[in-house]
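>>> A structural model of the following input is requested.
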Amino acid sequence: HELGLLTSLTRLRATNNKLRELPNELGNLESLTELSVAKNLLSVLPTTLGMLTALSVLVLTENPLQMPPEKILRRGTSAIVNYLRVLQDAGGAPIDVVIRGEEAVAAFHEALDAARSTGCLNLRARFIEEIPGHALEGLVSQSGSPNLLDLDVNLISVIPMEIHLLRNLTTAKFNYNRIRDVPPELSMLSSLTCLELRYNYFAEFSRHLCGITSLQELYLDSNELQELPGEASRLCRLRILSISNNGLRLISPLSPLGFTGIVDLNLARNGIAALPESIGCMTSLTRVDLSFNRLTRLPSGAASLTGVVDLKLAYNDLDTSSLVLDAMLQLTTLDLAANRLAGIP
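Now for the predicted structure:
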(Lines give C-alpha, C1' and ligand atoms only; values in the text may rest on other atoms or scores of the structure.)
Protein backbone atom coordinates (compact mmCIF):
# COMPACT_ATOMS: atom_id res chain seq x y z
CA HIS A 1 0.00 0.00 0.00
CA GLU A 2 1.35 3.41 -1.03
CA LEU A 3 -0.34 4.92 2.00
CA GLY A 4 2.46 3.54 4.16
CA LEU A 5 4.90 5.86 2.39
CA LEU A 6 3.12 9.02 3.54
CA THR A 7 5.10 9.23 6.77
CA SER A 8 4.42 12.97 7.23
CA LEU A 9 0.66 12.46 7.31
CA THR A 10 -0.97 13.75 10.52
CA ARG A 11 -4.69 13.47 9.71
CA LEU A 12 -6.45 10.72 7.79
CA ARG A 13 -10.21 10.75 7.32
CA ALA A 14 -12.04 8.01 5.43
CA THR A 15 -15.50 8.08 6.99
CA ASN A 16 -18.67 6.89 5.29
CA ASN A 17 -17.12 4.43 2.83
CA LYS A 18 -17.24 0.66 2.39
CA LEU A 19 -13.92 -0.26 3.96
CA ARG A 20 -13.80 -3.83 5.26
CA GLU A 21 -10.20 -3.69 6.48
CA LEU A 22 -7.39 -1.26 7.11
CA PRO A 23 -3.90 -1.90 5.69
CA ASN A 24 -1.15 -2.98 8.07
CA GLU A 25 1.00 -0.23 6.55
CA LEU A 26 -0.93 2.34 8.59
CA GLY A 27 1.48 1.43 11.35
CA ASN A 28 4.23 3.24 9.41
CA LEU A 29 2.52 6.64 9.79
CA GLU A 30 4.29 7.61 13.01
CA SER A 31 3.18 11.25 12.78
CA LEU A 32 -0.52 10.43 12.56
CA THR A 33 -2.55 12.18 15.26
CA GLU A 34 -6.06 11.67 13.87
CA LEU A 35 -7.62 8.65 12.18
CA SER A 36 -11.33 8.78 11.38
CA VAL A 37 -12.88 5.70 9.76
CA ALA A 38 -16.44 5.88 11.10
CA LYS A 39 -19.37 4.49 9.10
CA ASN A 40 -17.54 1.67 7.32
CA LEU A 41 -17.65 -2.14 7.43
CA LEU A 42 -14.63 -2.78 9.65
CA SER A 43 -14.76 -5.82 11.90
CA VAL A 44 -11.08 -5.97 12.96
CA LEU A 45 -8.39 -3.35 13.48
CA PRO A 46 -4.84 -4.27 12.47
CA THR A 47 -2.50 -4.66 15.43
CA THR A 48 -0.01 -2.38 13.65
CA LEU A 49 -2.15 0.58 14.78
CA GLY A 50 -0.51 -0.03 18.12
CA MET A 51 2.63 1.55 16.66
CA LEU A 52 0.90 4.95 16.28
CA THR A 53 2.11 6.48 19.52
CA ALA A 54 1.16 10.02 18.42
CA LEU A 55 -2.46 9.09 17.74
CA SER A 56 -4.84 11.08 19.94
CA VAL A 57 -8.09 10.96 17.95
CA LEU A 58 -9.46 7.65 16.70
CA VAL A 59 -13.06 7.68 15.41
CA LEU A 60 -14.54 4.21 14.86
CA THR A 61 -18.28 4.65 15.36
CA GLU A 62 -20.80 2.74 13.22
CA ASN A 63 -18.52 -0.15 12.34
CA PRO A 64 -19.30 -3.82 13.17
CA LEU A 65 -16.08 -4.15 15.16
CA GLN A 66 -15.32 -7.43 16.90
CA MET A 67 -11.65 -6.78 17.65
CA PRO A 68 -10.71 -4.97 19.82
CA PRO A 69 -13.54 -6.12 22.10
CA GLU A 70 -16.23 -3.70 23.23
CA LYS A 71 -14.76 -3.30 26.71
CA ILE A 72 -11.57 -1.87 25.14
CA LEU A 73 -13.39 0.28 22.57
CA ARG A 74 -15.37 1.98 25.33
CA ARG A 75 -12.18 3.16 27.00
CA GLY A 76 -11.10 5.37 24.10
CA THR A 77 -8.15 6.00 21.82
CA SER A 78 -5.30 5.50 24.27
CA ALA A 79 -6.65 2.18 25.54
CA ILE A 80 -7.26 0.92 21.99
CA VAL A 81 -3.75 1.82 20.83
CA ASN A 82 -2.17 0.26 23.93
CA TYR A 83 -4.23 -2.91 23.48
CA LEU A 84 -3.17 -3.25 19.85
CA ARG A 85 0.48 -2.54 20.74
CA VAL A 86 0.44 -5.37 23.29
CA LEU A 87 -1.01 -7.74 20.70
CA GLN A 88 1.52 -6.59 18.12
CA ASP A 89 4.42 -7.21 20.50
CA ALA A 90 2.98 -10.61 21.43
CA GLY A 91 2.85 -11.74 17.80
CA GLY A 92 -0.87 -12.57 17.80
CA ALA A 93 -1.23 -14.25 21.20
CA PRO A 94 -4.63 -13.66 22.88
CA ILE A 95 -4.72 -10.76 25.31
CA ASP A 96 -5.64 -13.07 28.20
CA VAL A 97 -2.42 -14.99 27.48
CA VAL A 98 -0.40 -11.79 27.11
CA ILE A 99 -1.37 -10.46 30.54
CA ARG A 100 0.02 -13.59 32.16
CA GLY A 101 3.50 -12.70 31.01
CA GLU A 102 6.27 -13.63 28.63
CA GLU A 103 6.33 -17.31 29.55
CA ALA A 104 2.65 -17.72 28.68
CA VAL A 105 3.15 -15.93 25.36
CA ALA A 106 6.18 -18.10 24.59
CA ALA A 107 4.21 -21.25 25.39
CA PHE A 108 1.40 -20.08 23.08
CA HIS A 109 3.80 -19.62 20.19
CA GLU A 110 5.48 -22.94 20.93
CA ALA A 111 2.08 -24.59 20.52
CA LEU A 112 1.62 -22.87 17.15
CA ASP A 113 5.11 -23.94 16.07
CA ALA A 114 4.43 -27.53 17.13
CA ALA A 115 1.20 -27.54 15.12
CA ARG A 116 3.18 -26.75 12.01
CA SER A 117 5.21 -29.94 12.37
CA THR A 118 2.75 -32.32 14.08
CA GLY A 119 -0.60 -31.32 12.60
CA CYS A 120 -2.00 -30.93 16.15
CA LEU A 121 -2.73 -27.52 17.66
CA ASN A 122 -2.78 -28.20 21.39
CA LEU A 123 -3.87 -25.21 23.49
CA ARG A 124 -5.41 -27.29 26.24
CA ALA A 125 -5.78 -25.73 29.72
CA ARG A 126 -4.24 -22.32 28.91
CA PHE A 127 -7.01 -20.15 30.47
CA ILE A 128 -7.73 -18.77 27.00
CA GLU A 129 -10.86 -16.62 26.75
CA GLU A 130 -10.80 -16.04 23.01
CA ILE A 131 -9.11 -17.50 19.97
CA PRO A 132 -7.71 -14.68 17.83
CA GLY A 133 -8.83 -15.14 14.25
CA HIS A 134 -5.57 -13.63 13.01
CA ALA A 135 -3.62 -16.33 14.87
CA LEU A 136 -5.49 -19.00 12.89
CA GLU A 137 -4.92 -17.04 9.70
CA GLY A 138 -1.19 -16.84 10.41
CA LEU A 139 -0.95 -20.53 11.19
CA VAL A 140 -2.69 -21.53 7.98
CA SER A 141 -0.73 -19.09 5.81
CA GLN A 142 2.60 -20.42 7.07
CA SER A 143 2.02 -24.15 7.27
CA GLY A 144 -1.53 -25.11 6.36
CA SER A 145 -4.28 -26.43 8.54
CA PRO A 146 -3.77 -28.81 11.48
CA ASN A 147 -5.76 -32.05 11.64
CA LEU A 148 -6.52 -31.83 15.35
CA LEU A 149 -7.49 -28.82 17.46
CA ASP A 150 -7.49 -29.25 21.24
CA LEU A 151 -8.88 -26.33 23.23
CA ASP A 152 -10.22 -28.33 26.16
CA VAL A 153 -10.37 -26.73 29.61
CA ASN A 154 -10.28 -23.04 28.76
CA LEU A 155 -12.63 -20.06 29.17
CA ILE A 156 -13.75 -19.73 25.56
CA SER A 157 -17.28 -18.45 24.93
CA VAL A 158 -17.12 -17.87 21.16
CA ILE A 159 -15.55 -19.94 18.39
CA PRO A 160 -14.20 -17.47 15.80
CA MET A 161 -15.58 -17.53 12.28
CA GLU A 162 -11.99 -17.92 11.02
CA ILE A 163 -12.25 -21.56 12.12
CA HIS A 164 -13.31 -22.28 8.54
CA LEU A 165 -9.71 -21.68 7.45
CA LEU A 166 -8.67 -24.97 9.08
CA ARG A 167 -9.63 -26.96 6.01
CA ASN A 168 -7.86 -30.17 7.05
CA LEU A 169 -9.36 -30.28 10.54
CA THR A 170 -10.80 -33.70 11.37
CA THR A 171 -11.14 -33.44 15.17
CA ALA A 172 -12.03 -30.37 17.25
CA LYS A 173 -12.13 -30.49 21.05
CA PHE A 174 -13.82 -27.70 22.99
CA ASN A 175 -14.72 -29.59 26.18
CA TYR A 176 -14.94 -27.61 29.44
CA ASN A 177 -15.46 -24.12 28.07
CA ARG A 178 -18.32 -21.57 28.02
CA ILE A 179 -19.61 -22.03 24.50
CA ARG A 180 -23.34 -21.59 23.77
CA ASP A 181 -23.37 -22.12 20.00
CA VAL A 182 -21.10 -22.86 17.07
CA PRO A 183 -20.56 -20.49 14.13
CA PRO A 184 -22.13 -21.40 10.78
CA GLU A 185 -18.62 -21.37 9.29
CA LEU A 186 -17.94 -24.67 11.04
CA SER A 187 -20.12 -26.39 8.44
CA MET A 188 -17.56 -25.39 5.80
CA LEU A 189 -15.05 -27.88 7.24
CA SER A 190 -15.83 -30.84 5.03
CA SER A 191 -13.15 -33.00 6.72
CA LEU A 192 -14.45 -32.46 10.27
CA THR A 193 -15.63 -35.82 11.57
CA CYS A 194 -15.36 -35.47 15.36
CA LEU A 195 -16.63 -32.55 17.46
CA GLU A 196 -16.39 -32.58 21.26
CA LEU A 197 -18.38 -29.97 23.19
CA ARG A 198 -18.84 -31.56 26.62
CA TYR A 199 -19.34 -29.31 29.64
CA ASN A 200 -20.35 -26.11 27.88
CA TYR A 201 -23.49 -23.94 27.98
CA PHE A 202 -25.54 -25.21 25.02
CA ALA A 203 -29.23 -24.68 25.75
CA GLU A 204 -30.46 -25.74 22.33
CA PHE A 205 -29.39 -28.02 19.51
CA SER A 206 -29.06 -25.15 17.05
CA ARG A 207 -29.38 -25.15 13.29
CA HIS A 208 -25.66 -24.37 13.11
CA LEU A 209 -24.91 -27.70 14.78
CA CYS A 210 -27.35 -29.42 12.42
CA GLY A 211 -25.44 -27.97 9.49
CA ILE A 212 -22.14 -29.77 10.20
CA THR A 213 -23.14 -32.71 8.03
CA SER A 214 -19.63 -34.19 7.79
CA LEU A 215 -19.69 -35.23 11.46
CA GLN A 216 -19.35 -38.87 12.44
CA GLU A 217 -18.93 -38.28 16.19
CA LEU A 218 -20.68 -35.61 18.26
CA TYR A 219 -20.29 -35.25 22.03
CA LEU A 220 -22.57 -32.80 23.86
CA ASP A 221 -22.60 -34.37 27.31
CA SER A 222 -23.14 -32.13 30.35
CA ASN A 223 -24.71 -29.12 28.69
CA GLU A 224 -28.19 -27.64 29.16
CA LEU A 225 -30.04 -29.11 26.17
CA GLN A 226 -33.77 -29.71 26.59
CA GLU A 227 -34.72 -31.04 23.16
CA LEU A 228 -33.22 -33.12 20.37
CA PRO A 229 -34.97 -31.62 17.32
CA GLY A 230 -35.94 -33.58 14.25
CA GLU A 231 -33.62 -31.36 12.23
CA ALA A 232 -30.68 -33.02 13.98
CA SER A 233 -31.22 -36.06 11.77
CA ARG A 234 -29.63 -34.01 8.97
CA LEU A 235 -26.39 -35.30 10.50
CA CYS A 236 -26.75 -38.39 8.37
CA ARG A 237 -23.12 -39.52 8.73
CA LEU A 238 -23.14 -39.73 12.52
CA ARG A 239 -21.92 -42.96 14.07
CA ILE A 240 -21.66 -41.78 17.67
CA LEU A 241 -24.08 -39.34 19.34
CA SER A 242 -23.59 -38.66 23.05
CA ILE A 243 -25.89 -36.20 24.87
CA SER A 244 -25.86 -37.58 28.41
CA ASN A 245 -26.36 -35.48 31.53
CA ASN A 246 -28.40 -32.68 29.98
CA GLY A 247 -32.00 -31.65 30.58
CA LEU A 248 -33.49 -33.48 27.60
CA ARG A 249 -37.24 -33.89 27.87
CA LEU A 250 -38.25 -34.18 24.24
CA ILE A 251 -36.90 -36.30 21.39
CA SER A 252 -38.69 -35.06 18.28
CA PRO A 253 -39.66 -37.42 15.43
CA LEU A 254 -36.62 -38.06 13.26
CA SER A 255 -36.31 -38.25 9.50
CA PRO A 256 -36.33 -41.88 8.30
CA LEU A 257 -33.21 -41.07 6.28
CA GLY A 258 -31.30 -39.58 9.20
CA PHE A 259 -29.30 -41.26 11.95
CA THR A 260 -29.41 -44.58 10.09
CA GLY A 261 -25.65 -44.99 10.57
CA ILE A 262 -25.48 -44.39 14.32
CA VAL A 263 -23.93 -47.32 16.17
CA ASP A 264 -23.58 -45.72 19.63
CA LEU A 265 -26.34 -43.61 21.20
CA ASN A 266 -25.92 -42.21 24.72
CA LEU A 267 -28.89 -40.30 26.15
CA ALA A 268 -28.34 -41.28 29.78
CA ARG A 269 -29.09 -38.99 32.74
CA ASN A 270 -31.77 -36.80 31.21
CA GLY A 271 -35.50 -36.47 31.81
CA ILE A 272 -36.79 -38.36 28.78
CA ALA A 273 -40.27 -39.83 29.33
CA ALA A 274 -40.91 -41.13 25.81
CA LEU A 275 -39.04 -42.00 22.64
CA PRO A 276 -40.43 -41.42 19.13
CA GLU A 277 -41.41 -44.41 17.01
CA SER A 278 -38.84 -43.19 14.47
CA ILE A 279 -36.05 -44.45 16.72
CA GLY A 280 -36.62 -47.67 14.81
CA CYS A 281 -34.88 -46.01 11.85
CA MET A 282 -31.56 -46.27 13.69
CA THR A 283 -31.04 -49.77 12.39
CA SER A 284 -27.24 -49.70 12.79
CA LEU A 285 -27.35 -49.26 16.58
CA THR A 286 -25.22 -51.64 18.62
CA ARG A 287 -24.92 -49.70 21.91
CA VAL A 288 -27.75 -47.74 23.55
CA ASP A 289 -27.64 -46.05 26.96
CA LEU A 290 -30.99 -44.68 28.19
CA SER A 291 -30.36 -45.15 31.88
CA PHE A 292 -31.44 -42.58 34.46
CA ASN A 293 -34.43 -41.22 32.56
CA ARG A 294 -38.22 -41.36 33.03
CA LEU A 295 -39.19 -43.92 30.42
CA THR A 296 -42.40 -45.85 31.07
CA ARG A 297 -42.31 -47.86 27.83
CA LEU A 298 -40.25 -48.53 24.74
CA PRO A 299 -41.80 -47.61 21.41
CA SER A 300 -42.81 -50.48 19.12
CA GLY A 301 -40.27 -49.14 16.61
CA ALA A 302 -37.54 -50.42 18.93
CA ALA A 303 -38.31 -53.89 17.57
CA SER A 304 -36.34 -52.88 14.46
CA LEU A 305 -33.13 -52.49 16.46
CA THR A 306 -32.00 -56.03 15.86
CA GLY A 307 -28.27 -55.30 15.99
CA VAL A 308 -28.13 -53.96 19.56
CA VAL A 309 -25.62 -55.81 21.72
CA ASP A 310 -25.45 -53.45 24.72
CA LEU A 311 -28.68 -51.94 26.11
CA LYS A 312 -28.79 -49.91 29.33
CA LEU A 313 -32.24 -49.06 30.70
CA ALA A 314 -31.46 -48.83 34.41
CA TYR A 315 -33.22 -46.30 36.63
CA ASN A 316 -36.34 -45.66 34.56
CA ASP A 317 -40.00 -46.47 35.22
CA LEU A 318 -40.40 -49.55 33.01
CA ASP A 319 -42.49 -52.61 33.77
CA THR A 320 -42.23 -56.03 32.15
CA SER A 321 -44.99 -55.43 29.60
CA SER A 322 -43.41 -52.18 28.36
CA LEU A 323 -40.25 -53.83 27.03
CA VAL A 324 -39.69 -54.70 23.38
CA LEU A 325 -36.76 -57.07 23.44
CA ASP A 326 -37.77 -60.20 21.54
CA ALA A 327 -36.09 -59.09 18.29
CA MET A 328 -32.80 -58.09 19.94
CA LEU A 329 -31.26 -61.52 19.62
CA GLN A 330 -27.67 -60.24 19.62
CA LEU A 331 -27.85 -58.68 23.08
CA THR A 332 -24.85 -59.48 25.27
CA THR A 333 -25.43 -56.82 27.97
CA LEU A 334 -28.84 -55.79 29.32
CA ASP A 335 -29.15 -53.49 32.33
CA LEU A 336 -32.68 -53.18 33.77
CA ALA A 337 -31.77 -52.22 37.34
CA ALA A 338 -34.09 -50.01 39.39
CA ASN A 339 -37.28 -50.16 37.31
CA ARG A 340 -40.76 -51.59 38.14
CA LEU A 341 -40.21 -55.09 36.82
CA ALA A 342 -42.34 -57.80 38.37
CA GLY A 343 -40.50 -60.43 36.36
CA ILE A 344 -37.66 -60.90 33.89
CA PRO A 345 -39.01 -60.64 30.32
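>>> how about the helices of the chain, start to end?
Counting by DSSP state H, the chain has helices at residues 70-73, 77-89, 95-98, 102-118, 133-143, 207-210.
>>> right, and Leu331 touches Gly307 too?
No - in this structure Leu331 lies outside contact range of Gly307 using Cβ atoms under 8 Å: 9.9 Å. Any C-beta I mention is one placed from the backbone N, CA and C, and that applies to glycine too.
>>> Neighbour count: the two, which is higher?
Comparing Leu331 with Gly307 by other Cβ atoms under 10 Å, the one with more neighbours is Gly307, at 16 against 13.
>>> what pLDDT does Leu9 get?
The per-residue pLDDT reported for Leu9 equals 87.
>>> List the contacts of the closest residue to it other than its chain neighbours.
Leaving aside its sequence neighbours, Leu9 sits nearest to Leu29 (Cβ to Cβ, 6 or more residues apart in numbering; 5.2 Å). By Cβ atoms under 8 Å, 6 or more residues apart in numbering, Leu29 lies in contact with 3-4, 6-7, 9, 12, 52.
>>> Can you tell me how far Ala104 is from Tyr83?
Distance from Ala104 to Tyr83, counting by Cβ to Cβ, to the nearest Å: 17 Å.
>>> I'd like to know which helix or strand in the protein has the lowest mean pLDDT.
Across the helices and strands of the chain, mean confidence by mean pLDDT, DSSP states H and E is lowest for helix 95-98: a mean of 70.
>>> returning to that earlier point: ranking the helices of the chain by mean pLDDT, which is last?
Here the helices of the chain differ in mean pLDDT, and the lowest is helix 95-98 at a mean of 70.
>>> Leaving out the residues flanking it, which one is nearest to the most centrally placed residue in the chain?
With distances taken as Cα atoms, centre = their mean, the residue of the chain nearest its centroid is Val182 (4.5 Å). The shortest distance from Val182 to any non-neighbouring residue, by Cβ to Cβ, 6+ apart, is to His208 (5.0 Å).
>>> Hmm, that neighbour is touching Pro183, no?
Yes - applying Cβ under 8 Å, one finds His208 in contact with Pro183, separated by 6.7 Å.
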